[in-house]
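Pasting the sequence and the predicted model now:
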There are 2 protein chains.
Amino acid sequence: MLKAERHQIILNEVQLHNRVLLGDIAEELNVSIDTVRRDVKELDEQHLLRKVHGGAIALGFNTLTIQGQGVYALVEKRKIAEKAIKLIRPGQVLLISGGTTNVELVRMLPPKLELTCFTPNLAVAVQLLNKPNVETILIGGKLVTDSQIAVGGSAINMLSDIRADLCFLGTNSIHSEAGITEFDWEIVQLKKAMISASKKVVSPSISEKLDSIRKYRICGTEAIDVLITELEPTDSKLSPYSEKNIEIL
Amino acid sequence: MLKAERHQIILNEVQLHNRVLLGDIAEELNVSIDTVRRDVKELDEQHLLRKVHGGAIALGFNTLTIQGQGVYALVEKRKIAEKAIKLIRPGQVLLISGGTTNVELVRMLPPKLELTCFTPNLAVAVQLLNKPNVETILIGGKLVTDSQIAVGGSAINMLSDIRADLCFLGTNSIHSEAGITEFDWEIVQLKKAMISASKKVVSPSISEKLDSIRKYRICGTEAIDVLITELEPTDSKLSPYSEKNIEIL
DNA sequence: ATTTTAAATGCAATATTTTGCAATATTTTT
DNA sequence: AAAAATATTGCAAAATATTGCATTTAAAAT
């Protein structure tokens, strides 16, 4: 029995019955209760369920999660999110695109921080709802299924009325010469509008996405103010970007 | 044995059983376990499966779900949702407000039904994303935390461009004389706009909400075309409404 | 056809992860 | 407050991964 398989089963059980007992699962899966305990602990760390004394329960009401597997490269993304949050000042207006890194960023926002946040992304919006001191404004439009982001004329139109202090632009591909690129035309248009609606553009990208190029271009490196990766800012992989006058964190 | 051939077989196996063990495959294909490991690693990099310790598993659906904690009066709401769905014809344009009944309604939509759905509510939007044949358009605006609904000028503005066939208006309070009422002023404005954007207004309400009045008025009974409760249409509690020429389901 | 080059494979040594157990601590229940 | 249930921690055995390297195989170039 693979660990990942157990995780799926446990999650499924929790979804179905809203709660599970560790002992029951252990028996059902024929593993020791310690193993189940560790499984549940991991799932809890990935925000896929909530571990409680004696078992686990499904997450609370406004919790959107990515079902099935947990978030890929969560450790790296948390590191990025932590650096990103340091850029934020109380009272600012933020513009936040989609992507799991941005979701993690929002989740890690200090609860007492007062902000106004605009976002076209469902998962980001749901996370923002959990922050009592954040005013959230949803950017509407046609929803792209897999990225859960609103695109199209009305979204772009709504963005044209905004002047945000900081834009966290979830990035698919970034390259020191080609800039930021995407493979979905609609999303390209949206992100372009997001960039022009912001005073400062921050690109949180796990290093894996560096030096890659997609079909359509969103902007050149000159439009990016800050690049945040999980690496040390002095890492050699980042020097092509710092040479382009991008601030590296 | 060609590499591509092995890849096919591995993928097939994963599809079929949801998981594979490296050892099993190695034996089956008569290659070393190292080779299989490398194969699986490649397939993982192409996002065709997920490599885990000991083997590989199929990719989960990357869909967002709201992990609903026990929805109050779920049985009744399902009954209402079932009746409501019968009103829908393929290809129609729907306008759906918030509320757990509407979420349940969307969850129960047949997967093959083709629709265009507008909604200002996050939970509804998330559920709609799981429907492959539904085009979802999010109505943006300032999010009201507890109802997870977008309100304000831009939302109302966006609604003014819509002409929906059917509006499912989640209802807080309905009264045969006072009509539909709410306690949140912003939401009242939004729902008014939703009503004028639709040809036909349907109010799905559990019977508990009948005959109650809140602070602000959304519309009179004349604006409501259909009232759906979990009760039999002939129930005496509903007669004040049928007398107002509302269709009862 | 033959050489050159690159890719693929299996092996062995080493590292990492997973798992169950036992001893101890903590929480929950009575 | 005592008893029962559940958690935590450290540990060792087993399973699995990783790495470097030698060998084979396939592809490209001559």
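Arrived safely, thanks for sending.

Can you name the next helix or strand after the helix or strand of chain A with the lowest mean pLDDT?
Sorting the helices and strands of chain A by mean pLDDT, DSSP states H and E puts strand A:64-66 at the bottom, at a mean of 50. Using DSSP states H and E, the helix or strand that follows strand A:64-66 towards the C-terminus is helix A:74-85.

Report the separation between the residue of chain A found nearest DNA strand D and A:K86.
Using Cβ to the nearest atom of the strand, the closest approach of chain A to DNA strand D is made by A:G54 at 4.0 Å. (C-beta placed from N, C-alpha, C; glycine too.) Counting by Cβ to Cβ, to the nearest Å, the gap from A:G54 to A:K86 is 38 Å.

Then A:N130?
Computed as Cβ to Cβ, the A:N130 to A:K86 distance reads 21 Å.

Over to A:S176?
Distance from A:S176 to A:K86, counting by Cβ to Cβ: 24 Å.

more neighbours, those two?
Higher neighbour count among A:S176 and A:K86: A:S176, with 17 against 9, using other Cβ atoms under 10 Å in any protein chain shown.

Just to check, that one is in contact with A:P240?
Yes. Taking Cβ atoms under 8 Å as the definition, A:S176 is a contact partner of A:P240 at 3.6 Å.

if I look at the two, which residues touch both of them?
A:D211 (Cβ atoms under 8 Å, 6 or more residues apart in numbering or on different chains).

Pull up the gap between A:I139 and B:L105, please.
A:I139 sits 25 Å away from B:L105, taking Cβ to Cβ as the criterion.

When those two are compared, which one has more neighbours?
It is A:I139, of A:I139 and B:L105, that has more neighbours when counted by other Cβ under 10 Å, with 31 against 28.

Near DNA strand D, which residues of chain A? Just list them.
Neighbours of DNA strand D within chain A, by Cβ under 7 Å from any atom of the strand: A:21-23, A:34, A:37, A:41, A:51-55.

so where do the helices sit in chain A?
Taking DSSP state H to define them, one finds helices in chain A at A:3-17, A:22-29, A:33-45, A:74-85, A:100-107, A:122-129, A:153-159, A:185-196, A:239-242.

Give the rounded mean pLDDT of the last one.
Regarding helix A:239-242, the rounded mean pLDDT is 89.

Report the buried residues of that helix.
Within helix A:239-242, the residues that qualify as buried are A:Y241, counting by 16 or more other Cβ atoms under 10 Å in any protein chain shown.

Number of residues surrounding A:H175?
Neighbour count of A:H175, defined by other Cβ under 10 Å: 19.

A:I246 and A:L227 touch, don't they?
Yes. Counting by Cβ under 8 Å, A:L227 is a contact partner of A:I246 at 4.9 Å.

who's more crowded, those two?
Comparing A:I246 with A:L227 by other Cβ under 10 Å, the one with more neighbours is A:L227, at 24 against 21.

got a pLDDT number for the more buried one?
So A:L227 comes in at 94 (pLDDT).

ok now do it, which residues does it touch?
A:L227 touches A:174, A:202-203, A:205, A:238, A:241, A:246-249, counting by Cβ under 8 Å, 6+ apart.

Next: A:V151.
Contacts for A:V151 (Cβ under 8 Å, 6+ apart) come out as A:120, A:141-144, A:186-187, A:189-190.

Quick one: residues contacting the closest residue to it other than its chain neighbours.
Spatial nearest neighbour of A:V151, chain neighbours left out: A:E186 (4.1 Å); criterion: Cβ to Cβ, 6 or more residues apart in numbering or on different chains. Under the criterion of Cβ under 8 Å, 6+ apart, the neighbours of A:E186 are A:142, A:144, A:151-152.

Please identify which of those is nearest to chain B.
A:K142 (5.2 Å; Cβ to the nearest Cβ).

Show me what the spatially closest residue to A:D44 that is not a sequence neighbour is bridged to.
Of all residues beyond its chain neighbours, the one nearest A:D44 is A:K51 (3.9 Å), with distances taken as Cβ to Cβ, 6+ apart. Counting by DSSP bridges, A:K51 forms beta bridges with A:A56.

which residues touch A:K51?
A:K51 is in contact with A:40-41, A:43-44, counting by Cβ under 8 Å, 6+ apart.

Just the buried ones from those?
The neighbour count (16+ other Cβ under 10 Å) marks A:40, A:43 as buried among the contacts of A:K51.

Any chance of TSV for the contacts of A:K51, columns pLDDT and distance to A:V124?
Converted to TSV, the contacts of A:K51 look like this (pLDDT from 0 to 100; distance: Cβ to Cβ, whole Å):
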residue	pLDDT	distance to A:V124
A:V40	91	27
A:K41	90	26
A:L43	86	22
A:D44	85	22
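
okay, the contacts of A:K51 in CSV with distance to B:I96 next?
Output for these, formatted as CSV (distance: Cβ to Cβ, whole Å):
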residue, distance to B:I96
A:V40, 36
A:K41, 38
A:L43, 32
A:D44, 33
